[in-house]
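J.: Sequence first, predicted coordinates after that:
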Number of protein chains: 2
Amino acid sequence: MRGIMSEALRTDLYQLTMLQAYWKSGHNPQATFDYFVRKIPFGSYLVTAGLGYVLDYIENLHFDGDDIDYLRTLGFDDGFLDALADFRFTGDILAMPEGSIAFPLEPAIRVTAPIMEAQLVETFILNKMNFSTLIATKSSRVVHAARGRAIAEFGLRRAQGDGHLEATRATYIGGCASTSNLLAGKTFGIPVSGTMAHSFVTSFDHEIDAYRAYAEAFPKKCFLLIDTYNSIKGAKKAVIVGKELEKKGEKLLGVRLDSGDLCELSKQVRKILDDAGLHYVKIVASGDINEWKIDELMARGARIDMFGVGTELITGRPTPALDGIYKLSDVVEHGRHKPKMKLSEETVKATLPGKKRVWRMVENGEFIKDIIALEDEVIDNAWPLLEQTVKNGKIVCSRPSLDMIRQRALENFSNLPDEYKKLDGAPVYPVDFSQGLVSLREAIVEKIRKEEIRA
Amino acid sequence: MRGIMSEALRTDLYQLTMLQAYWKSGHNPQATFDYFVRKIPFGSYLVTAGLGYVLDYIENLHFDGDDIDYLRTLGFDDGFLDALADFRFTGDILAMPEGSIAFPLEPAIRVTAPIMEAQLVETFILNKMNFSTLIATKSSRVVHAARGRAIAEFGLRRAQGDGHLEATRATYIGGCASTSNLLAGKTFGIPVSGTMAHSFVTSFDHEIDAYRAYAEAFPKKCFLLIDTYNSIKGAKKAVIVGKELEKKGEKLLGVRLDSGDLCELSKQVRKILDDAGLHYVKIVASGDINEWKIDELMARGARIDMFGVGTELITGRPTPALDGIYKLSDVVEHGRHKPKMKLSEETVKATLPGKKRVWRMVENGEFIKDIIALEDEVIDNAWPLLEQTVKNGKIVCSRPSLDMIRQRALENFSNLPDEYKKLDGAPVYPVDFSQGLVSLREAIVEKIRKEEIRA
């Protein structure tokens, strides 16, 4: 795999300064880190995504010669840089598969390796997991709000630069039906959709000229954008073109509204289409839409068959970042486990010590509650959520296709009780700590407090 | 340039469907599009960024064989796909250089080309310009709030995936002093900063062991993170290590606070350091910081020498997308200009017709007002803001280094009167329309209304 470009520098400088300090002090114990989210920005659940990127990264992790050359310019020690040239990831990773439903504090990824290795991979894991999980979760909410209407993702122009590709992948995992993004279509095989922009319409002398040119080019795939000048007049011209298509034995597929009161306009346009006998023509709505607006439109009886959602879906607006973190929970020195945790003046920033697993209790196909337990505790009547994905640096899990991941996410979501799917005001899903974890946590807090007094 | 990977599919499907419709109907007039922002999400001004990416893209724009193969699977016409194989950008682009200060409605990029070419490039221009300009603007606000204290960008772990690289570039243009992002350091030559995480501290049995290991590894570059257990106790241990460094003829550079009441803690920590004679040790603060928190900390007299800013800076939170748009303003058919505009039920969504330029009036080194005028109007006593960057498909401007762009942004910002720099409640900077533009707009609205009545 050395031919593939190194991703080793896709990290923070401080990972490398810490590595040099570990290396120089001979402090490289086996360490376990957990990736988890403290607080969910919207709703009660997360749809996990991004693990595929993490596994590719782990498999290929190494420093290229020019990476080392760059680090040398920053003043790192020659001996340390020599050691980096042979750097590989040799540890174990347990993870929830992509498309899992996760809740706050649950480790979605657990990394165990010599601390130099487990430390270095922190930033990449956070960058990929935080963003993909954020967008898959947002997508799940938008899809849920649409009550079965298809969601097309139209966000490339407002995406955060090159983040668009993994964002589109995550919207698909969350349940979107298609994307406007051709590169995502080519790269991932996601279905693509889209027809025309306002500039297409205004480039012609008359709106109907634009419609006819498009119908001529795509007689079997004709959607017309009707709001460039006036949506009602646009709909009437779409009817004319729809009738012309009928004469050729073709059918107008749909019209798109992109501004104005989408609910009212959709009802009026539906009536115009139906009165002309064009019952089969679909209405697509777009324009600064999000899960709350879709929910409201559906509640008001909008006659919309499909939504195009851009900015809010592709950036997670209003919360464009997930505060997922990667925290040290255990160190093994001289064969002895030393569970670790971070205290903090802010209680919410404290962490859970020890090597842990996550279990889920399910009844009649519905999620009941989750339990975070220590490694050696077995929880009866529950499913383990963490799977072994990497063993001694080698990937040991099978790699699912994107459609399999999407299918898994949809199935998991269908097993989540409805109350947790509410856009706002969903209750907190119960995540219990096992007796072993509670006891360990109390013991560690006690120990840290005592040491602080001694120090 | 054919060796470079094609970016042609980094676009929306609808650009390609429109292209096929233009191609099939033989409608490929010379067209002019403007990239501009309708509304600024925060503050009164924009710092433009992203043009460098646009120029690289334009220079290299072509469809690779596997792009064409992919489009064939979507059902595009063979004749059209043959035409795409020879596709190149042959038009002209005028643009504000990166690091300009721009205001709403001002074209920051103006593209003139056969409509098939000018249309295709829309999505890429929007993706790059919207995001880089958003982040450069956000960065400028954060830097301004810090009143001369350096800002280190720490956002990689919360960035929107692969968008991190262009985001970090934009934070540097906006005035940040450094980044934690090693790949950005290697790629763009941006200074890097960072030292240690909480996991480094907790991986040792005692906090002071971690400090000593770090001081040993980096005696000349030692910053210590002091809030893992208790910031005040951490500061006292940092003093011990600082004194140990002094005995070796070295100096502790700084300590970092990452949680708690940063203002109060900074004052207490400053006193602890000063009382021990460590006046030279700097205090760095980080942890969910943004421009408003920095402004408040400075106003309250916090003893902070440098800020590390992550999530909010790298994602633009709370507004993660700029609503920049790309609108058709002119078409030439049979040698005659046909100025174009989009009406809308929402007035704010209407656009400005005609080929335009932007002028800026400056007095005593301060910006007074801008004027959007038609191509053939010359505004006396004003600077033209759009420069020719591409002529007949070739780049004709010199390409500045990133440091030159950053310097230009800082100089432009220094010429913006202070009232427009307020974080909140800044007045609207005056952007006038020339008499020619006003008249043209009225004439076009009149014409569209008449045609709508006829239609």
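T.: Great, that's in hand.

J.: so how far is B:F80 from A:F367?
T.: Here the distance between A:F367 and B:F80 works out to 50 Å (C-beta to C-beta, to the nearest Å). For glycine as for every other residue, the C-beta is placed from the backbone atoms N, C-alpha and C.

J.: of the two, who's got more company?
T.: Counting neighbours by other C-beta atoms under 10 Å in any protein chain shown for A:F367 and for B:F80 shows that A:F367 has the greater number, 20 against 17.

J.: can you pull the contacts of the more buried one?
T.: Applying C-beta atoms under 8 Å, 6 or more residues apart in numbering or on different chains to A:F367 gives the contacts A:101, A:360-361, A:415-417, A:429.

J.: what is it paired to in the beta sheet?
T.: Counting by DSSP bridges, A:F367 is bridged to A:V362.

J.: Quick check: it vs A:G50, distance?
T.: In this view, A:F367 and A:G50 are 22 Å apart by C-beta to C-beta.

J.: any low-confidence regions in chain A?
T.: A:1-4, A:344-349, A:452-455 (pLDDT under 70).

J.: how about the one residue in the stretch 251-400 of chain A that gets nearest to chain B, phi and psi?
T.: Of all residues in the stretch 251-400 of chain A, A:P320 sits closest to chain B, at 3.6 Å by C-beta to the nearest C-beta. Reported as degrees, to the nearest 10, the phi and psi values for A:P320 are phi -80, psi 10.

J.: How about the contacts made by the closest residue to it other than its chain neighbours?
T.: Leaving aside its sequence neighbours, A:P320 sits nearest to B:P320 (C-beta to C-beta, 6 or more residues apart in numbering or on different chains; 3.6 Å). By C-beta under 8 Å, 6+ apart, the residues touching B:P320 are A:160, A:315-317, A:320, B:134, B:160.

J.: Determine which two of those are furthest apart.
T.: Farthest-apart pair in the contacts of B:P320 is A:G316 and B:L134; separation 14.4 Å (C-beta to C-beta).

J.: Looking at these two, which one has more neighbours?
T.: B:L134 (31 against 27).

J.: Could you chop chain A up by domain?
T.: Per automatic domain parsing, the structural domains of chain A span A:13-135+A:319-454, A:136-315.

J.: how long is the shortest one from one end to the other?
T.: Criterion C-alpha to C-alpha, to the nearest Å; first-to-last residue distance in domain A:136-315 is 11 Å.

J.: and for the strand or helix carrying A:D274, what are the contacting residues?
T.: Secondary-structure element containing A:D274, defined by DSSP states H and E: helix A:262-275. The contact list for helix A:262-275 (C-beta under 8 Å, 6+ apart) reads A:226-227, A:231-232, A:235-236, A:238-239, A:242, A:255, A:257, A:279, A:281, A:283, A:285, A:287, A:289, A:296-297, A:300-304.

J.: Of those, which fall within the contact range of chain B?
T.: Counting by C-beta under 8 Å from any C-beta of the partner chain, A:227, A:231 from these sit close to chain B.

J.: so of the contacts of helix A:262-275, which ones are in helices?
T.: The helices in this structure, assigned by DSSP state H, contain A:231-232, A:235-236, A:238-239, A:242, A:296-297 from the contacts of helix A:262-275.

J.: most surrounded residue in these?
T.: When neighbours are counted by other C-beta under 10 Å, A:A238 leads these with 30 neighbours.

J.: Any chance of the backbone angles for A:D424?
T.: Dihedral angles (degrees, to the nearest 10) for A:D424: phi -130, psi 150.

J.: burial measure for it, as a count.
T.: Using other C-beta under 10 Å, A:D424 has 9 neighbouring residues.

J.: what's the spacing between it and A:A136?
T.: With C-beta to C-beta as the criterion, A:D424 and A:A136 are 19 Å apart.

J.: near chain B at all, stretch A:165-184?
T.: Yes - Stretch A:165-184 reaches chain B (C-beta under 8 Å from any C-beta) through A:165-167, A:180-183.
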